[in-house]
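Asker: Compute the structure for the input listed below.
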Amino acid sequence: MSLILLKEWLTFTLANLSQAQFEALNIQLIYRPYITVGLMIGLFFCFAQKVQAQCAVSFDYNINVLLVDFQADSLPAGTTNLIWDFGTGDSLVGFNLTTNHVYAVNGAYQVCLTSVGSSCGVVTTCQTIQICPGCVWPGDANGDLIVDNRDLLNIGLAFNETGPQRANPADISFSPKPQGDFPVPQLAMFASGLNHKHADCYGDGFINEFDISVLHSNYNKDPLGVSDCACIDSMDIPLYFHIFNDSVSVGTTVNIDVMLGTTGQQLPVIYGVAFTLQYHPPVLDPQTFTIDYANSIMGSPNELINFEKVIDTAGLVDAGLSKKNKLNSNPSGGPLGRIIVIMEEDLQQKTSFTSYSDTTLHLELCDVYLIDNEENQIPVCPKRDSLIVYQITSDQTGIGSLPSGSVGAKFHPNPSSDFTILSVEQGDEIRVEVIDMLGTVILTREFNNKNETLIDVRNFADGLYLTNFYDKDGRKLETLKFLKN
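Answerer: This next block holds a predicted model:
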């Protein structure tokens, strides 16, 4: 009814303006209909926002062990009835602005409040409440009910501390579990007031590397929740990529440094960092993704803990890096870590092409959270970058290169810890290069009219290796992966 009256008033007012009044406003008569529509749209949105605010329902609650007190905060004018749904199958109908409910067991409950009888109709709002005094959720080290890379920072802040273990440490399922507080409250509290027991994700009474494994098991971050990728202030500390090669061929290893601050720039003291790497299109092999922190400005590897979770379906990697000795780093600008990843071997599934194709791999740093050992957040300015991934399927003379798998190569056994036999079906003048994850050629062999060779891998470092096969003209014929264990 209010919108109808608004329309009638606007139509009457504009229709009764004289020509002189329109000219005084420098408006031609012909534009009257458009002005009417524009004003109506603008006023409609203002009116809709006001209606939305007037129809809002909200409530607050206070938890005391298993007893929860509820209070309605705001209701639409004219509400005649309230329906409280306590998330247990129990409900209360009436005009009860305050009420309480006793929960029988610990858990997460969705509580809803519904307003009935106002001009807004039936309006409902819901909140999830957690009932478990002193309980922890395995993997949620910072108390936000999300298990992700930021929880690593709390593990780093409380690392090596000890306290009471849970009744059943073997149960790391993501549900509320009672656990006693870690002692010395003034030392065993995060800045949020949360006890350090929440960082004991494994529940054995020790905060150490085992707790990181629970982050992997119970990781539950919504990939659609990644959003904060913009640089708010260009004067903040830059976080950016140093890409060693601007263009790379399919199947090759790529090294990319994640840099904090410019080289030589004195940084504030730092203790831990969490960030999300977004990449698209998905032309990298997610199973080969690693971050090497050997040369990190944060400290030596024995001073650090780290966490990486690859979600290839969403094109993102959640990463975290933290000190574990309670001492800040006071570094100059440089690499936090080096991303090492292998590009997919075939772009045909990603693009449409004939003899040559390339695609741009876009990289972004998002949801960056940099702190010192007192949990003060340090602002950063994340940057974007990209590189070209290309594939050549025929030479300039039009003679097609041999298809992938044409040499029929295989390792046996694979993986291996001492010796492996590399065999090929086509052994005429084929050169082999074995490359580690840093892109270093560590072994070369040639097949000259023979079909297999024995390779001693006892001195190889454990990890993944690429084996590239080339013909006599230097064209790559095939790439094979080998794992040393």
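Asker: next structured bit after the longest strand along the chain?
Answerer: In the chain, with assignment by DSSP state E, the single longest strand is strand 356-371. With elements assigned by DSSP states H and E, the helix or strand that comes after strand 356-371 is strand 377-378.
Asker: Against which helices or strands is that following strand packed?
Answerer: strand 356-371 (3 or more C-beta pairs under 8 Å, 6 or more residues apart in numbering; DSSP states H and E). To be clear about C-beta, it is placed using only N, CA and C from the backbone, and glycine gets the same treatment.
Asker: now for the strand it packs on, which elements pack on it?
Answerer: When contacts are defined as 3+ C-beta pairs under 8 Å, 6+ apart, strand 356-371 sits against helix 150-157, strand 237-243, strand 253-260, strand 272-280, strand 377-378, strand 380-382, strand 384-392.
Asker: now for these, which one comes closest to residue 459?
Answerer: strand 253-260 (20.1 Å; C-beta to C-beta).
Asker: what comes into contact with the closest one?
Answerer: 237-245, 248, 267, 270, 273, 275, 277, 284, 288, 291, 297, 333-343, 363, 365, 370, 380, 387, 435, 437-439, 466 (C-beta atoms under 8 Å, 6 or more residues apart in numbering).
Asker: Which of the residues you listed are buried, as a PyMOL select command?
Answerer: Buried residues among those (16 or more other C-beta atoms under 10 Å), as a PyMOL selection:
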select buried, resi 237+238+239+240+241+243+248+267+270+273+275+277+284+288+291+297+333+334+335+336+337+338+339+340+341+342+343+363+365+370+380+387+435+437+466
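Asker: Correct me if wrong: residue 56 contacts residue 73.
Answerer: No - in this structure residue 56 lies outside contact range of residue 73 using C-beta atoms under 8 Å: 9.1 Å.
Asker: more neighbours, these two?
Answerer: Taking other C-beta atoms under 10 Å, residue 56 and residue 73 do not tie; residue 56 has more neighbours (15 against 12).
Asker: mind checking the SS state of that one?
Answerer: Following DSSP: H, G, I helix; E, B strand; the rest coil, we place residue 56 in the coil state.
Asker: what's the distance between it and residue 123?
Answerer: From residue 56 across to residue 123, the span is 8 Å (C-beta to C-beta, to the nearest Å).
Asker: Bridged to residue 249, which residues?
Answerer: Beta-bridge partners for residue 249, by DSSP bridges, are residue 390.
Asker: Where do the strands of the stretch 301-450 of the chain begin and end?
Answerer: Secondary structure of the stretch 301-450 of the chain by DSSP state E, counting those that start in this stretch: the strands cover 304-311, 316-323, 334-342, 356-371, 377-378, 380-382, 384-392, 410-412, 419-423, 430-435, 441-447.
Asker: Most tightly packed of the ones you listed?
Answerer: Among the strands of the stretch 301-450 of the chain, judged by mean count of other C-beta atoms under 10 Å, the one packed with the most neighbours on average is strand 316-323 (a mean of 24).
Asker: Sheet partners, orientation included, of the longest strand of the chain?
Answerer: Strand 356-371 is paired, per DSSP bridges, with strand 272-280 (antiparallel), strand 377-378 (antiparallel), strand 384-392 (antiparallel).
Asker: For residue 112, which of these is the nearest?
Answerer: Checking the strands paired with strand 356-371 against residue 112 by C-beta to C-beta gives strand 272-280 as the closest, at 32.4 Å.
Asker: my guess is residue 197 contacts residue 182, does it?
Answerer: Yes - under the criterion of C-beta under 8 Å, residue 197 makes contact with residue 182 at 4.9 Å.
Asker: So, low pLDDT: which residues of the stretch 301-450 of the chain?
Answerer: 347-357, 392-406, 426-428, 449-450 (pLDDT under 70).
Asker: please redo it, this time with the cut-off set to 90
Answerer: Applying pLDDT under 90 to the stretch 301-450 of the chain flags residues 312-314, 343-360, 387-432, 435-441, 444-450.
Asker: Is residue 211 located within a strand, as I assumed?
Answerer: No - using three-state DSSP, the assignment for residue 211 is helix, not a strand.
Asker: could we number from 56 for the rest of this?
Answerer: Yes, from this point I'll number from 56; that puts the last item at residue 266.
Asker: And the strands of the stretch 356-505 of the chain: which comes nearest residue 246?
Answerer: strand 411-426 (9.3 Å).
Asker: angle of that closest one against strand 371-378?
Answerer: Angle between the axes of strand 411-426 and strand 371-378 is 40 degrees (criterion: axes from the mean of the first three to the mean of the last three C-alpha atoms, to 10 degrees).
Asker: burial count for the nearest residue to residue 110 once chain neighbours are set aside?
Answerer: The spatial neighbour of residue 110 that comes closest, neighbours along the chain excluded (C-beta to C-beta, 6 or more residues apart in numbering), is residue 175 at 3.6 Å. Per other C-beta under 10 Å, the neighbour tally for residue 175 reads 19.
Asker: got it, and residue 288?
Answerer: If you count neighbours by other C-beta under 10 Å, residue 288 ends up with 9.
Asker: Now it: phi and psi?
Answerer: phi -140, psi 120 (degrees, to the nearest 10).
Asker: So it versus residue 440, what's the distance?
Answerer: Relative to residue 440, and taking C-beta to C-beta, residue 288 is found at 20 Å.
Asker: swap in residue 282?
Answerer: 19 Å.
Asker: again, but for residue 362
Answerer: Look at residue 362 and residue 440: by C-beta to C-beta, they are 23 Å apart.
Asker: Skipping its backbone neighbours, what lies nearest residue 197 in space?
Answerer: That would be residue 209: by C-beta to C-beta, 6+ apart, it lies 4.8 Å from residue 197.
Asker: pretty sure the one you found is touching residue 246, no?
Answerer: No - Residue 209 lies out of contact with residue 246 (C-beta under 8 Å); the separation is 10.1 Å.
Asker: With neighbour numbers in mind, choose between the two.
Answerer: Ranked by neighbour count (other C-beta under 10 Å), residue 209 and residue 246 place residue 209 first, with 25 against 10.
Asker: what does the model give the more buried one for pLDDT?
Answerer: For residue 209, the model assigns a pLDDT of 98.
Asker: quick one: residue 425 and residue 433 touch, right?
Answerer: Yes - between residue 425 and residue 433 there is a contact under C-beta under 8 Å: 4.4 Å.
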